[in-house]
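> sequence below, structure please.
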Amino acid sequence: MFATDVKLRAAADRIYYPDVILACGKAAQVELIVEEPSLIVEVTSPSTRATDRREKLDAYRRIPSLRLYLIVDQRRRHVFVYRRNVVAEWLRDEMHGEGEIPIPTLETELKMDHIYDDVPLPPLAVGEGEEWEDYADEEDEDRP
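Numbers count the residues shown, from 1 in each chain. Just a heads-up that it's a prediction; the model follows:
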């Protein structure tokens, strides 16, 4: 498993740097380039959301070894789960709040609580797309 500064060759002319890669195959040792990942995790932000959900999703789905692609929202307990089934079809699911994400390659499950452990998240009153910082400033103004 790799967590930073590892290249993923998604195509002959396309290299990405996912946040987490699980590879059961080989990795080129010179520059540590993974070509056969089984799991990819991207932690998304407002500036990377479109790329993670469109460009990278399209590129990653073409990797024959890939079984699971997770897009983890850094501001909400929300994970998009893209899973390749036994007939090579891609299925999409979403996890919100609580629950567990099956990781078949490792024969385990990843709990939402573990993903978001020690991650400061906005209060539930902050709506999707609202700036948390703006809300925090308003809260401070209300304090005596």
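
> pretty sure residue 103 sits against residue 110.
Yes. With contact defined as CB atoms under 8 Å, residue 103 counts as touching residue 110 (5.5 Å). Heads up, the C-betas are built off the backbone N, CA and C, glycines and all.

> and the helices in the protein?
Assigned by DSSP state H, the helices in the chain fall at 49-50, 56-61, 112-115, 132-142.

> coming back round to it: more neighbours: residue 103 and residue 110, which one.
The neighbour comparison of residue 103 against residue 110 (other CB atoms under 10 Å) goes to residue 110, with 21 against 16.

> quick one: the closest residue to residue 32 other than its chain neighbours from residue 99, how far?
Excluding the flanking residues, the one nearest residue 32 by CB to CB, 6 or more residues apart in numbering is residue 6, at 5.2 Å. Separation of residue 6 from residue 99 (CB to CB, to the nearest Å): 28 Å.

> these two: which has the busier surroundings?
Shown here are residue 6 and residue 99; by other CB under 10 Å, residue 6 has more neighbours (20 against 13).

> what pLDDT is listed against residue 116?
Looking at residue 116, its pLDDT stands at 91.

> typed the wrong thing, it's residue 67
Residue 67 is given a pLDDT of 96.

> so how far is residue 117 from it?
Residue 67 is 24 Å from residue 117, by CB to CB.

> give me the more crowded residue out of those two.
residue 67 (18 against 8).

> the more buried one is in contact with residue 106, isn't it?
No. In this structure residue 67 lies outside contact range of residue 106 using CB under 8 Å: 10.6 Å.
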